[in-house]
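Trainee: model this:
(chains A and B)
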Amino acid sequence: MVILRDVTVRYENGVTALKQVNLTVEKSEFVFLVGPTGAGKSTLLKLLTREIVPTEGKVFVVGQEVSRLKPSKVPYLRRLMGVVFQDILLLPDRTVWENVAFALRVTGASSAEIAREVPKALETVGMLHRAKSFPAELSGGEKQKVALARALVVKPLLLLADEPTGNLDPLSSLEIVDLLLRINRQGTTVIVATHDRAIVDTYRKRVVELSGGRIVRDEWRGVFRRELA
Amino acid sequence: MGELCETNGAGCFGVSWLSLLVFFLHEALINLWRHRLVTAATVTTVAVTVGVWVFFALEAKAWERLLIWEGRKLDQLCVFLKPEADEQTVKRLGEQISRLPQVTHVRFVHKREGLEKLQRLFGNAVPLEDLVGHNPLPHALEVTCQSPQAAFECAQQIRRLPEVDEVTFPAVAVRRYEQLVRSLRWRNHALSLLLAIIAFVLLYNALRVSVYGRRHEIRIMQLVGATIWTVRGPLLMEGLLYGVLGAMGTLGLTKLLLTLNAAFPPPATYWTGLWGDGSGWRMLLREVQVDSLFISKVLLLGMGLSFLSALFAAVRLVKAV
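Mentor: Alright, predicted model coming up:
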């Protein structure tokens, strides 16, 4: 599903965010990406969404070498992915339903498809009963569930989550990770960049640790810090 | 894994162009409302620009009419032939001249008719025929051209013909007319361009505000797989709406002026005071008919101006990420 071969990313200001990174994530895998701030977690996710291209090396997503993809094809690659952020990015002047439908509308889905898919996505995250609410009326956990529904509504093959539990209380964080696991069990590959020790240690999934732009640990059934295991 | 989906499949849906269009319209309307003040300023600018363009067009038409009114004969030439040219030659020449593209009518004036005219002019006070013993005038042709400008060009062509002795026409008046129209056109073009630039800059800034206000939407759109033109679509639609609303403003203002003009009829002096007491402007308004053609032209002007600005802004401000 995702392959990184000798990937280096150097920004224009001279900072090297990733150095010679090699990583393979198979279909239906669940991966926690951990590491301190500035380790390169977000850069790695941006490589996968092709917001940036590697300075050196190759990145393959769903069989496509993303750095060689024509700009006109990039949107079609992104339609195979769902993306969830820490800062959530819900549109404040639209209801929950409209926020989720937005992801379909921009790809030109018909009203019938929207009417069919949006309730399914909201049902999956348990937010159908709040469909008419505005983001300001929701808690942090609920907002993140809506963001997750928006990522799911396009039926992604790959789900990328950048600090999805960053601003949430422990209970809401567990709910969100439970949802991600449930989505993963249905066959979607999930990559979660996180600082949240509790969830990594609780779920014991594959853990890839980045430090200084390099992969320093890649463990199956890993924990947040090796010394804590 | 093969090609990325562009139609149906995992993560992909069929594209409904109607839905996309409705989406653009919906997003554009939300944004116009979100930035109401900017919208009002931009629409007013478009309305004023289109209004001034319409006014210039009417003014040009008015000048044309004024000159036709004042100098109907500016498009006529009098072609005098060499004395040896007989009737046959003159008629053949008449046919040749009538084939020139700028010529609308040619009339043969026999030298006898010319003499009669001359005698009428002098009131038979001087018996010209007695003085020289014969009719000294040559045959002539009266040539009517399409316009005063065409008359000038036509005269030059006719002068080159070997049988032609002289071509007379109100050259000074035609030159003055041309200079006047040319300077008027220059002024109108310069002002139109200046207004277009002002409108363009204002529209661009309005759309920049819009892009800033919509930065979250734009980021989400890009990340969920909207194509670059789908991201730009709402901006283009916004531009079109500015144009439509601006043009409607122009039409509303025109209608208001027409109603006021009809309620208070102008004095009968046709065109006089065009630049002075304002009565000419009111006569000008009587020329305006708010029919479907006028409405279409105003709408097209407004939409064209704002769409081009929006296109420029969209391409410049929304880049593929």
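
Trainee: all contacts plus neighbour counts: C-alpha atoms, from now on.
Mentor: Will do.

Trainee: For the most centrally placed residue in chain B, give me the pLDDT.
Mentor: By CA atoms, centre = their mean, chain B has its centre lying nearest to residue B:57, at 5.2 Å. Looking at residue B:57, its pLDDT reads 79.

Trainee: Check the secondary structure at it for me.
Mentor: Under the three-state scheme (DSSP: H, G, I helix; E, B strand; the rest coil), residue B:57 adopts helix.

Trainee: same check, this time on residue B:107
Mentor: strand.

Trainee: could you give me the average pLDDT of the longest helix seen in chain A?
Mentor: Taking DSSP state H as the criterion, chain A has its longest helix at helix A:170-185. The average pLDDT within helix A:170-185 is 90.

Trainee: Output the contacting helices and strands for it.
Mentor: For helix A:170-185, the packing partners by 3 or more CA pairs under 8 Å, 6 or more residues apart in numbering or on different chains; DSSP states H and E come out as helix A:140-152, helix A:197-203.

Trainee: which one of these lies closest to residue B:92?
Mentor: Residue B:92 lies closest, by CA to CA, to one member of the helices and strands packed on helix A:170-185: helix A:140-152, at 85.1 Å.

Trainee: after that closest one, next one along is what?
Mentor: Downstream of helix A:140-152, the first helix or strand assigned by DSSP states H and E is strand A:158-162.

Trainee: What pairs with that following strand, parallel or antiparallel?
Mentor: Strand A:158-162 has the following sheet partners, assigned by DSSP bridges: strand A:81-84 (parallel), strand A:189-193 (parallel).

Trainee: Might you report the residue contacts of the residue of chain A found nearest chain B?
Mentor: With CA to the nearest CA, the shortest gap between chain A and chain B falls at residue A:75, namely 4.0 Å. Contact analysis of residue A:75 by CA atoms under 8 Å, 6 or more residues apart in numbering or on different chains lists B:222, B:223, B:224, B:225, B:226, B:227.

Trainee: which ones among the residues you listed are found in helices?
Mentor: By the criterion of DSSP H, membership of the contacts of residue A:75 in helices covers B:222, B:223.

Trainee: Please go through the contacts of residue A:75 and note which also touch chain A.
Mentor: B:222, B:223, B:224, B:225, B:226, B:227 (CA under 8 Å from any CA of the partner chain).

Trainee: Just the buried residues of those.
Mentor: B:222, B:223, B:224, B:225, B:226, B:227 (16 or more other CA atoms under 10 Å in any protein chain shown).

Trainee: What I need now is these written out in TSV, including distance to residue B:102 and pLDDT for each item.
Mentor: Shown next, in TSV, are these (distance: CA to CA, whole Å; pLDDT from 0 to 100):
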residue	distance to residue B:102	pLDDT
B:222	59	87
B:223	63	86
B:224	63	85
B:225	60	85
B:226	57	87
B:227	54	88
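
Trainee: any idea which element the residue nearest to residue B:236 when sequence neighbours are not counted lies in?
Mentor: In this structure, residue B:236 finds its nearest non-sequential neighbour in residue B:310, 5.3 Å apart by CA to CA, 6 or more residues apart in numbering or on different chains. Using DSSP H and E, residue B:310 sits within helix B:292-317.

Trainee: same thing with residue B:189?
Mentor: helix B:171-213.

Trainee: Check which helices and strands that helix sits against.
Mentor: With contacts defined as 3+ CA pairs under 8 Å, 6+ apart, the packing partners of helix B:171-213 are helix B:36-70, helix B:148-159, helix B:228-263, helix B:292-317.

Trainee: Kindly present those helices as CSV, with separate columns for distance to residue A:61.
Mentor: What follows is the helices and strands packed on helix B:171-213, written out as CSV (distance: least, CA to CA, whole Å):
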stretch, distance to residue A:61
helix B:36-70, 43
helix B:148-159, 70
helix B:228-263, 21
helix B:292-317, 28
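
Trainee: ranking those helices by mean pLDDT, which is last?
Mentor: Among these, helix B:36-70 carries the lowest mean pLDDT (a mean of 79).

Trainee: list the helices and strands that one packs on?
Mentor: helix B:171-213, helix B:228-263, helix B:279-286, helix B:292-317.

Trainee: Out of those, which is the most enclosed?
Mentor: The highest average neighbour count among the helices and strands packed on helix B:36-70, using mean count of other CA atoms under 10 Å in any protein chain shown, belongs to helix B:228-263 at a mean of 21.

Trainee: Quick one: closest of the helices and strands packed on helix B:36-70 to residue A:52.
Mentor: That would be, of those and by CA to CA, helix B:228-263, which comes in at 16.2 Å.

Trainee: okay, the angle between the closest one and helix B:292-317?
Mentor: 150 degrees (axes from the mean of the first three to the mean of the last three CA atoms, to 10 degrees).

Trainee: how far does helix B:228-263 sit from the chain's center?
Mentor: 20 Å (CA atoms, centre = their mean, to the nearest Å).

Trainee: Could you name the helices and strands sitting against it?
Mentor: If contacts are counted by 3+ CA pairs under 8 Å, 6+ apart, helix B:228-263 sits against helix B:17-34, helix B:36-70, helix B:171-213, helix B:215-223, helix B:279-286, helix B:292-317.

Trainee: Find the closest residue to chain A in the stretch 101-250 of chain B.
Mentor: residue B:225 (4.0 Å).

Trainee: who's in contact with the nearest residue to residue A:172 once chain neighbours are set aside?
Mentor: Among residues not flanking residue A:172 along the chain, residue A:141 sits closest, at 5.2 Å (CA to CA, 6+ apart). With contacts taken as CA under 8 Å, 6+ apart, residue A:141 has the following neighbours: A:168, A:169, A:172, A:173, A:176.

Trainee: Am I right that the last one is in contact with residue A:146?
Mentor: No - Residue A:176 is beyond contact range of residue A:146, at 10.5 Å (criterion: CA atoms under 8 Å).

Trainee: These two: who's more crowded?
Mentor: residue A:146 (29 against 22; other CA atoms under 10 Å in any protein chain shown).

Trainee: So that one sits against residue A:125, correct?
Mentor: Yes - assessed by CA under 8 Å, residue A:146 is found in contact with residue A:125 at 7.4 Å.

Trainee: Relative to chain A, how far out is residue B:298?
Mentor: Using CA to the nearest CA, to the nearest Å, residue B:298 is found at 32 Å from chain A.

Trainee: I meant to write residue B:77 there.
Mentor: Separation of residue B:77 from chain A (CA to the nearest CA): 64 Å.

Trainee: what's the answer for residue B:319, then?
Mentor: In terms of CA to the nearest CA, residue B:319 sits 11 Å off from chain A.

Trainee: Next up, the contacts around the most centrally placed residue in chain A.
Mentor: Against the mean C-alpha coordinate of chain A, by CA atoms, centre = their mean, the closest residue is residue A:160 at 1.6 Å. Remark: with contacts taken as CA under 8 Å, 6+ apart, residue A:160 is in contact with A:45, A:81, A:82, A:83, A:84, A:190, A:191, A:192.

Trainee: Unless I misread the structure, residue A:50 falls within a helix.
Mentor: No - per three-state DSSP, residue A:50 lies outside any helix segment and is coil.

Trainee: wait, it sits on residue A:65?
Mentor: No - at 10.1 Å, residue A:50 does not count as touching residue A:65 under the criterion of CA under 8 Å.

Trainee: Looking at those two, which is more packed in?
Mentor: Neighbour count, other CA under 10 Å: between residue A:50 and residue A:65, residue A:50 has more, with 22 against 14.
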